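Undergrad: next input, structure requested:
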Amino acid sequence: MPNVSGLVLTDTAAEHVIPNTLRDNLSKREIPSLYGLRGAAALVVVIFHALLNYNLGRLVPAGHAVTLFFELSGLLITWLILGECDQAGGLDIRRFYARRALRLFPVFYVVWVLCLVSRQVPGKWAYFFYMGDYFLAIRQQGSILAQAWSLGVEEKFYLLWPLILTHIDRKKLINGMVAILVLEPLYRYYMDLFGHGPYTWFAFDTHVDYIMIGCLIALLVKQGWRPPAWVAHPVTPVSALLLLSLFPHDANVPPYLLAVLLVAVICRPPSILNNRVARYLGAISYSLYLCHNLSNVAVWDPLLGRVHFHSPFTAIASQLAFSIAVASALYWLIERPFLALKNRFHHGRVAHFA
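TA: Residues are numbered from 1 along each chain as shown. All right, here's what the predicted structure looks like:
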């Protein structure tokens, strides 16, 4: 026992000398770079769909942006669950599900109704029950609501992960997660090899590792892990982005480069992701992601006839501006009131970004 106590004291002393910036920044009420990353990822997806009108969608890495959303979600939700377990001695599952419902459902169902009013939506009931991922995976039939497939992936994760996280020993869980991170890319590879590539683009079971790597980062940090010094170097996120540019946005690339990018910008927050504009785009990112196809339809195909723009730049700028305007309205009129209600279901400090 004395030896164990001595080791703990030594580790604690070392932590005071060499701060763990990742742990410290994750522990803040507002995690640095989180809003900026969300806003940037949402903008990439919006621009991608705008460029599709000119057959230029492949110039924008929308697939990587969605993967980043998944990693952010896994990291944030796991960190909050672990924090509640450490603070309150366990997770109140009913409160957790209530928070998720109040965070996600109101805006989603408002957009769902607006989409149905505007035009036919194939698979509308699949999306209603958050099964849009499997509808697209099996039918490959797009619609104005197709972007909601990723919500289906995340909702299934939210249903299962809290139960797993709170009932399995953390060290055993980490070993299982590492196994999933190794096996899941192989699963996608063989699915693609046998002619089921489109299925891997959308289905929940082919995206588990994308969310899991964020969860693993949170667990490792809670266990005392600190990233190596090179991760916090200013060159690291730039290098990760350059390497990602070598892969097509729809390639089944393991999400490790994005994980390095995620950890790097949290450890060393760049100003471009932490200014007022980035914060605002991050705040409305959920509404922006949901409504942008609806906004694009309003710009390109209004009731009085198709709008003809003089240049692609004007068209894309108009779509982007309209999407941000609609997302802002949804945020202030729908999201904010329900976020205030959601905060009543938090233990201790309110993590207002979750």
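
Undergrad: beyond the helix or strand where residue 159 lies, next helix or strand please.
TA: Using DSSP states H and E, residue 159 falls within helix 149-165. On the C-terminal side of helix 149-165, the closest following helix or strand by DSSP H and E is helix 170-193.

Undergrad: what comes into contact with that following helix?
TA: 164-165, 168, 197, 199-200, 205-206, 208-209, 212-213, 215-216, 219-220, 222-223, 252, 254 (C-beta atoms under 8 Å, 6 or more residues apart in numbering). For the C-beta atoms, the positions are set from N, CA and C on the backbone; glycine is no exception.

Undergrad: who touches the nearest residue to residue 95 once chain neighbours are set aside in this structure?
TA: Distances taken as C-beta to C-beta, 6 or more residues apart in numbering place residue 345 nearest to residue 95, at 4.5 Å, with adjacent residues excluded. By C-beta under 8 Å, 6+ apart, the residues touching residue 345 are 95, 98-99, 102.

Undergrad: let's see it at 7 Å
TA: 95, 98-99 (C-beta atoms under 7 Å, 6 or more residues apart in numbering).

Undergrad: low-confidence stretches in the protein?
TA: The chain contains residues with pLDDT under 70 at 1-19, 57, 248-254, 296-311, 346-354.

Undergrad: closest to the centroid, which residue in it?
TA: residue 69 (2.0 Å; C-alpha atoms, centre = their mean).

Undergrad: that residue is in contact with residue 41, isn't it?
TA: Yes - Residue 69 lies in contact with residue 41 (C-beta atoms under 7 Å); the separation is 5.5 Å.

Undergrad: how many residues are close by residue 170?
TA: Neighbour count of residue 170, defined by other C-beta atoms under 10 Å: 14.

Undergrad: any idea how far it lies from residue 158?
TA: In this view, residue 170 and residue 158 are 19 Å apart by C-beta to C-beta, to the nearest Å.

Undergrad: ok, residue 271 next?
TA: Using C-beta to C-beta, residue 271 is found at 32 Å from residue 158.

Undergrad: neighbour-wise, which of the two wins?
TA: Comparing residue 271 with residue 158 by other C-beta under 10 Å, the one with more neighbours is residue 158, at 20 against 8.
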